[in-house]
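Chemist: sequence-free structure coming up:
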């Protein structure tokens, strides 16, 4: 059961500290609890230690890109149902499709629209709760 104070717990996999700080501030103000992971290894460790309602996945990371990490998480029985949203500056034709093919459930463009991210997250968490 979730504490009353939180709409949900989000794992944000992002190597850029400015982006992590911005998203944590915005989503914290919206009532979400945000846990950071700066790389794939840390993301897997966090998944093993607590449960999440949603994962925000940066696509361009140095050790393992977000596509690869998404596919890996979706292949893990315990985590395959957690919605994963790609967060990326890759906005070329085909990038959205590539994110979805890797197993992402959605796609948010960078720079992040701080007015839109809360409602976008809520839609995914609500949808996955109803599955």
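Modeler: Okay, I see it. Note that the structure is a prediction, hence the values are computed from the model and not measured.
Chemist: same question for the helix or strand that contains residue 56, mean pLDDT?
Modeler: Per DSSP states H and E: residue 56 is located in strand 54-58. Averaged across strand 54-58, the pLDDT comes to 97.
Chemist: what does that strand rub up against?
Modeler: 8, 10-16, 19, 23, 43, 66, 69-70, 73, 82-88, 104, 108, 121, 124-125, 128 (Cβ atoms under 8 Å, 6 or more residues apart in numbering). Where you see a C-beta, it was placed from the backbone N, CA and C, and this is true even at glycine.
Chemist: partners of that strand, with directions?
Modeler: If you go by DSSP bridges, strand 54-58 pairs up with strand 8-13 (parallel), strand 84-88 (parallel).
Chemist: tell me the mean pLDDT for the last one?
Modeler: It stands for strand 84-88. 93.
Chemist: Quick check: buried residues in the next helix or strand after that strand?
Modeler: Note on strand 84-88: by DSSP H and E, the next helix or strand toward the C-terminus is helix 95-101. Judged by neighbour count (16 or more other Cβ atoms under 10 Å), helix 95-101 contains these buried residues: 95, 96, 98, 99.
Chemist: still on that earlier bit, next secondary structure element downstream of the strand holding residue 56?
Modeler: helix 66-74.
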